[in-house]
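Asker: Please find the sequence and the predicted model below.
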Amino acid sequence: LSSEKYNMSRKSFGSVESSDVNFFKSILGDDRVLTDEGDVQPYNVDWLQHCRGQSKVVLKPKTTQEVSKILSYCNQKKLAVCPQGGNTGLVGGSVPVFDEIVLHLGLMNKVLSLDEISGVLLCESGCILENLDSHAREHNFIMPLDLGAKGSCHIGGNVSTNAGGLRLLRYGNLHGSLLGIEAVKADGTIIDCLGTLKKDNTGYHLKHLFVGSEGTLGVVTKVAIHCPIMPKAVTLGYFGVESFENVLRLLKAAKLSLGEILSAFEMADFDAITTTTKNFKISNPISDYPFYVLIETHGSHEGHDSEKLNQFLEEQMASGLILDGTIASEPAKIQSIWGLRESIPSAGLRDGYVFKYDVSLPLQHFYRLVPQLRAKLGDRASVVYGYGHVGDGNIHINLTVPEYTKEIHSELEPYIFEEVSKLKGSISAEHGIGFSKRNYVQYSKDQSALHLMRELKQLMDPNGILNPYKVLPEVK
Ligand code: FAD
Ligand code: MLT
Ligand code: ZN
């Protein structure tokens with residue numbers, strides 16, 4: 001989709017002129033101001049290749065002061081800015097819609113400190129999640145979040161999208177782990193909320209404004225994150241299950257039997273796993289089943305934990321909830337099973353265009369939309385599958401079609417969002433709203449809440465230069 005096809009108008013922002021480029025070069029030097037079409041191109045296209053902007057300039061600051069100078073200038077000149085981290089976002093929030101300047105945070109990638117006792121990590125926002133996790137592990141800690149995009153996504157992008165991921169069930173969401181933040185407002189003001197305390201009730205919790213606001217309220221430049229201790233023992237179970245009802249029964253049983261060590265409870269249906277094994281030519285460690293469940297434990301005693309998980313497998317095979325399964329405590333096998341799960345998001349892209357939905361639903365309705373959508377699209381869809389964080393009530397539904405058509409798009413939206421709203425779910429569980437879902441927020445947010453969101457945006461970014469056309473619904 002190109003911007004012309006978005007069927008919307010560019011807002012009356014300024015256009016970047018050579019005098020502006022010269023100003024940016026005076027702050028950043030020539031190397032960190034990209035203007036060649038070929039250099040700028042990758043920053044205009046999102047990971048899913050659903051959105052394509054027409055930016056002419058990419059800026060790569062290295063310090064908070066540089067971010068502040070850039071934003072202060074852009075605010076005065078009414079130049080629109082799109083903050084970009086690792087560009088792995090799945091809702092078109094990380095790329096320009098028209099010619100917004102891309103502010104890429106990738107060079108702000110320094111770890112500032114890691115407290116050996118408290119586990120508080122202080123770092124710049126452009127650090128790659130996987131690098132932070134490796135650093136934390138050298139000191140016997142881990143990052144409190146993990147996701148398939150860890151090799152590219154930035155901690156600043158994670159905070160700005162309030163990313164959930166594979167272990168939210170155990171370590172909670174970023175609102176809990178984020179202890180402090182430094183961010184730059186649209187007018188260049190640096191907001192220092194970079195506390196490192198676990199408890200601090202001194203006034204409004206301003207840091208939370210930036211969590212999940214997807215670059216519309218400020219640019220995150222530094223964060224303080226509480227890292228949990230690295231588990232001494234990790235065990236993984238991968239099980240075949242007959243029905244979704246049994247997946248739910250197994251979730252209840254896992255909470256009862258493994259509660260204190262449970263660190264992940266993920267599910268994927270047959271089509272999600274089969275598409276992945278087929279498209280990436282990887283093998284499924286067990287045979288074909290309608291549903292698969294992945295259970296991970298993080299504990300302190302390998303013998304104890306694997307004994308518990310083995311006993312769980314035995315009991316649940318006897319009860320019939322598990323049809324077949326494998327348990328791993330060797331790192332290579334654990335990694336290969338996680339690899340299969342983490343490859344699901346990109347598997348469908350090999351077959352054509354993928355419509356991706358990321359919704360929260362009450363557990364009794366969790367899987368309901370998948371068969372409903374299969375029936376609705378019939379053989380117009382190559383495949384429709386569901387997978388995700390069942391332990392958190394968050395399902396990902398992917399629908400693959402040979403190529404994008406407006407007809408199928410308009411059959412799916414707002415239909416899916418209406419259904420989710422009827423079932424009292426959320427139209428975006430963890431990926432955010434970005435550009436793709438902005439006109440559907442009202443399915444999950446009351447008008448009073450949307451009004452307050454607009455008031456906050458007006459207060460923090462009166463000229464609307466930060467990530468315009470994103471998150472807030474279009475005013476017609
Ligand atoms: P980007 O994609 O660059 O940006 C995302 C949004 O944040 C944009 O609106 C952007 O403007 C803004 N932003 C980025 N950096 C900053 C900053 N420093 N200051 C202000 N705004 C900023 N998400 C989950 O929640 N759970 C998952 O399990 C998960 N798995 C994924 C697996 C794959 C394979 C992929 C491709 C994506 C996955 N995602 C998942 C989606 C995505 O949200 C996360 O990958 C990640 O949080 C985005 O980080 P990023 O650095 O790539 O941000
Ligand atoms: C996941 O859980 O794999 C991610 O959120 C990405 C996706 O939904 O495809
Ligand atoms: Zn997810």
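Answerer: On my side now, so go ahead. Ligands and ions are numbered 1, 2, ... in the order given.

Asker: where in the stretch 1-150 of the chain is pLDDT low?
Answerer: For the stretch 1-150 of the chain, applying pLDDT under 70 flags the ranges 1-5.

Asker: Quick one: residues contacting residue 441.
Answerer: Shown in contact with residue 441 (CB atoms under 8 Å, 6 or more residues apart in numbering): 427, 433, 450, 471-473. Quick note: C-beta positions are derived from backbone N, CA and C, even for glycine.

Asker: Over to residue 307?
Answerer: Going by CB under 8 Å, 6+ apart, the list of residues near residue 307 is empty.

Asker: Wasn't residue 293 part of a strand?
Answerer: Yes: assignment of residue 293 by DSSP: H, G, I helix; E, B strand; the rest coil places it within a strand.

Asker: Okay, and the beta partners of it?
Answerer: residue 239, residue 267 (DSSP bridges).

Asker: Count residues in the vicinity of it, would you?
Answerer: Residue 293 is flanked by 25 other residues according to other CB atoms under 10 Å.

Asker: Closest one of the contacts of residue 441 to residue 124?
Answerer: For those, the residue nearest residue 124 by CB to CB is residue 471; the value is 23.9 Å.

Asker: Just say helix, strand or coil for that closest one.
Answerer: Looking at residue 471 with three-state DSSP, the answer is coil.

Asker: what about it, neighbour count?
Answerer: Count around residue 471 with other CB under 10 Å applied: 23.

Asker: One more: residue 318?
Answerer: Residue 318: 9 neighbours (other CB under 10 Å).

Asker: And for residue 31?
Answerer: 8.

Asker: Is it correct that it falls within a helix?
Answerer: Yes: counting by three-state DSSP, residue 31 is located in a helix.

Asker: Which of the contacts of residue 441 has the largest number of neighbours?
Answerer: residue 433 leads the contacts of residue 441 on contacts (other CB under 10 Å) with 26 neighbours.

Asker: Enumerate every residue touching it.
Answerer: Per CB under 8 Å, 6+ apart, neighbours of residue 433: 91, 93, 214, 441, 470-471.

Asker: Just put these in CSV and tack on distance to residue 207.
Answerer: As requested, the contacts of residue 433 are arranged in CSV below (distance: CB to CB, whole Å):
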residue, distance to residue 207
91, 22
93, 20
214, 15
441, 22
470, 21
471, 18
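
Asker: Would you point out the most distant pair within those?
Answerer: Those two in the contacts of residue 433 that are separated most widely, counting by CB to CB, are 93 and 441, at 12.8 Å.

Asker: Return every residue with contacts to both of the two.
Answerer: With CB under 8 Å, 6+ apart, residue 93 and residue 441 have common neighbours 433, 471.

Asker: any idea which of the contacts of residue 433 is the one closest to ligand 1?
Answerer: residue 93 (2.8 Å; CB to the nearest ligand atom).

Asker: in what helix or strand does that closest one lie?
Answerer: Secondary structure assignment for residue 93, by DSSP states H and E: no helix or strand.

Asker: what's the closest non-adjacent residue to it?
Answerer: What sits nearest to residue 93 in space, not counting adjacent residues and going by CB to CB, 6 or more residues apart in numbering, is residue 434, at 3.0 Å.

Asker: just residue 347 next, same as before
Answerer: residue 276 (4.0 Å).

Asker: what about that neighbour, is that helix, strand or coil?
Answerer: Residue 276 is classified as helix under three-state DSSP.

Asker: At the contact with ligand 2, which residues of the stretch 251-400 of the chain appear?
Answerer: 344-345, 356, 358, 388, 396 (CB under 6 Å from any ligand atom).

Asker: Tell me which of those fall in helices.
Answerer: Secondary structure from DSSP state H places 344-345 of these in helices.

Asker: For the residues of the stretch 251-400 of the chain next to ligand 2, which single residue is the most surrounded?
Answerer: residue 388 (25 neighbours).

Asker: pretty sure it contacts residue 266?
Answerer: Yes: look at residue 388 against residue 266 with CB atoms under 8 Å: they come within range, at 7.0 Å.

Asker: and the stretch 51-200 of the chain, which residues reach ligand 2?
Answerer: Residues of the stretch 51-200 of the chain lying near ligand 2 (CB under 6 Å from any ligand atom): residue 148.

Asker: Show me where the stretch 51-200 of the chain has its strands.
Answerer: 58-59, 81-84, 101-104, 111-114, 120-124, 178-184, 190-193 (DSSP state E, counting those that start in this stretch).

Asker: Which parts of the stretch 251-400 of the chain are helices?
Answerer: 270-280, 302-319, 331-347, 369-377 (DSSP state H, counting those that start in this stretch).

Asker: among those, which is the most enclosed?
Answerer: With neighbours defined as mean count of other CB atoms under 10 Å, the helices of the stretch 251-400 of the chain peak in mean count at helix 270-280, which reaches a mean of 19.

Asker: nearest residue to residue 181 other than its sequence neighbours?
Answerer: residue 207 (4.3 Å).

Asker: just residue 180 next, same as before
Answerer: Closest to residue 180 by CB to CB, 6+ apart is residue 224, at 3.7 Å.

Asker: per-residue pLDDT, the closest residue to ligand 1 within the stretch 151-300 of the chain?
Answerer: Minimum separation of the stretch 151-300 of the chain from ligand 1 (CB to the nearest ligand atom) falls at residue 157, amounting to 2.0 Å. On the pLDDT scale, residue 157 is placed at 99.

Asker: again, but for residue 474
Answerer: Value listed for residue 474 in the pLDDT field: 89.

Asker: and it, how many residues sit next to it?
Answerer: 9.

Asker: did I read that right, it in a strand?
Answerer: No: using three-state DSSP, the secondary structure at residue 474 is coil, not a strand.

Asker: Tell me who's in contact with it.
Answerer: 8, 438-439.

Asker: Can you read off the backbone torsions of it?
Answerer: phi -60, psi 140 (degrees, to the nearest 10).

Asker: before we move on, back to that, what is the most widely separated pair among the residues of the stretch 251-400 of the chain next to ligand 2?
Answerer: 344 and 358 (12.7 Å).

Asker: what's the overlap in contacts for the two?
Answerer: Common neighbours of residue 344 and residue 358 (CB under 8 Å, 6+ apart) are residue 396.

Asker: Might you report the residue contacts of whatever residue of the stretch 301-450 of the chain ends up closest to ligand 1?
Answerer: Residue nearest to ligand 1 within the stretch 301-450 of the chain: residue 430 (3.4 Å; CB to the nearest ligand atom). Going by CB under 8 Å, 6+ apart, residue 430 touches 161-165, 168, 358, 389, 394.

Asker: So which bits of the stretch 351-476 of the chain are right by ligand 1?
Answerer: Counting by CB under 6 Å from any ligand atom, the stretch 351-476 of the chain sits next to ligand 1 at 430-431, 434, 467.

Asker: whoops, the chain was the one
Answerer: Within reach of ligand 1 by CB under 6 Å from any ligand atom, the chain has these residues: 47, 82-90, 93-94, 105, 125, 147-149, 153-154, 156-158, 160-161, 163-166, 214-215, 219-220, 345-346, 430-431, 434, 467.

Asker: So which of the residues you listed sit within helices?
Answerer: Going by DSSP H, the helices hold 156-158, 160-161, 345-346 from the residues of the chain next to ligand 1.
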